[in-house]
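*Asks:* Next one to model:
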Amino acid sequence: MSQLTLANVTREQVEDFMFLEAEILDEWRLKEWLTLFTTDATYNVPATDVPANASPDGTLFYVADDRFRLEQRVERLLKRTAHAEFPRSKTRHLVSNVRIRGRSDSELDVGAAVLTYRTKMGLTETYIGSYRYRLVVEEGRLLIREKRCILDMDGLKPNGRISIIL
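*Replies:* Sure, this is the predicted structure:
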């Protein structure tokens, strides 16, 4: 078996990686989820009324985390004092239409459709959208350098907030 490199990564391997991430999130293994990211990673969720390729530097984002802020988000969500998520929500991330959109010497540009259900206190909310990833290969495994969740919704109502990891 050959070692994983950017040149030989297949769509199936990317799908497996994304399905693993979805499983980790649904099982609330957030510290393990952090291990899927590079040390310079970003995680972004732009507001629903901005272009998908907008920058968090000049536009309002629901989430615009660098690696440090992502670690702080996970630590906060795992505490009992995170009232929005204690007890935690039940989630189900459904990922489909995974496609390698581009490949350079240093990373993969990957897109996918996503549907996330969040159930808590008798209510089920739905987040519809797409993922855009920039993936790299480090030490023979895929890692996320950038994850962007683009919501295909008019706004957050009736959800009103994003207290889970999309």
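
*Asks:* can you pull out the strands in the chain?
*Replies:* Counting by DSSP state E, the chain has strands at residues 37-46, 61-66, 90-103, 108-120, 123-138, 141-151.

*Asks:* and the residue nearest to Thr119 when sequence neighbours are not counted, how many neighbours?
*Replies:* Closest residue in space to Thr119, ignoring its immediate chain neighbours: Lys90 at 4.5 Å, by C-beta to C-beta, 6 or more residues apart in numbering. C-beta here means a position set from N, CA and C on the backbone, and glycine is covered the same way. Neighbourhood size, Lys90 [other C-beta atoms under 10 Å]: 13.

*Asks:* Please apply the same query to Gly58.
*Replies:* Neighbours of Gly58 (other C-beta under 10 Å): 7.

*Asks:* Just want the angle from the longest helix seen in the chain to strand 37-46.
*Replies:* Ranked by residue count and defined by DSSP state H, the top helix of the chain is helix 11-26. With axes from the mean of the first three to the mean of the last three C-alpha atoms, to 10 degrees as the basis, helix 11-26 and strand 37-46 are set at 80 degrees to each other.

*Asks:* any residues touching helix 11-26, and which ones?
*Replies:* 4, 30, 32-33, 36, 91-95, 98-100, 108, 110, 112, 131, 133, 135, 142, 144, 164-165 (C-beta atoms under 8 Å, 6 or more residues apart in numbering).

*Asks:* which among those residues end up buried?
*Replies:* 4, 30, 33, 36, 91, 93, 95, 98, 100, 108, 110, 112, 131, 133, 135, 142, 144, 164-165 (16 or more other C-beta atoms under 10 Å).
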